[in-house]
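Asks: Structure here, sequence nowhere to be found:
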């Protein structure tokens, strides 16, 4: 079932590549974006840095990669370092709709207050859809590999705001 689903996603995202050549210069087809985050309060700290870049293959399809690093601390509970990389594919069947698939691999290193260490790899495969206007997309994505245990995320569904310049 999973291999059929993954094959379907790959087929959907590969179809636009066969479109006509684009005469736009290479440097104008690359867009940069990402996430910078900081949240804190009552002994809790979360710092996230996650830059990414995409390449417009044509007006319908873009692909790219990103890296991520974060630090999470909850006083008297745990401290965690999370880092990794991701690959993303974006399809715009019409100008206002953006479909996405993102494969993310993160290393999680957590130390709890009693010195217990929990280190693991977390793999996520997000499929998503959103409303797009200019360089901003607002939508929701779903982690098809979500598991309750050993997961970076609390839920399989996640809202997102994606901006590329």
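Replies: Done, it's in. The model shown is predicted, which means the values in this text are computed figures rather than measured ones. Numbers count the residues shown, from 1 in each chain.
Asks: Now do the strands in the protein.
Replies: Applying DSSP state E to the chain gives strands spanning 30-41, 44-56, 61-74, 78-94, 97-112, 117-133, 136-143, 157-163.
Asks: Looking at those, which is nearest to residue 23?
Replies: Counting by Cβ to Cβ, residue 23 lies closest to strand 44-56 out of those; the figure is 12.3 Å. Just so you know, the C-beta spots here come from the backbone N, C-alpha and C atoms, and that holds for glycine as well.
Asks: how about that closest one: buried residues?
Replies: When burial is assessed from 16 or more other Cβ atoms under 10 Å, strand 44-56 yields the following buried residues: 48, 50, 52, 54, 56.
Asks: so what's the residue most central in space within the chain up against?
Replies: In the chain, the C-alpha nearest the mean C-alpha coordinate belongs to residue 102, at 5.4 Å (Cα atoms, centre = their mean). Contact analysis of residue 102 by Cβ atoms under 8 Å, 6 or more residues apart in numbering lists 86-89, 124-126, 128, 141.
Asks: returning to what we had before: tell me the one of the buried residues of strand 44-56 nearest residue 95?
Replies: Nearest to residue 95 among the buried residues of strand 44-56, with distances taken as Cβ to Cβ, is residue 56, at 13.4 Å.
Asks: what is the residue nearest to the centre of the chain paired to in the beta sheet?
Replies: residue 88, residue 126 (DSSP bridges).
Asks: The residue of the chain most remote from its centre and residue 81, how far apart?
Replies: Distance from the centre of the chain peaks at residue 114, with 32.1 Å (Cα atoms, centre = their mean). From residue 114 across to residue 81, the span is 18 Å (Cβ to Cβ, to the nearest Å).
Asks: Give me the local confidence score for the spatially closest residue to residue 37 that is not a sequence neighbour.
Replies: Among residues not flanking residue 37 along the chain, residue 48 sits closest, at 3.8 Å (Cβ to Cβ, 6 or more residues apart in numbering). Residue 48 carries a pLDDT value of 95.
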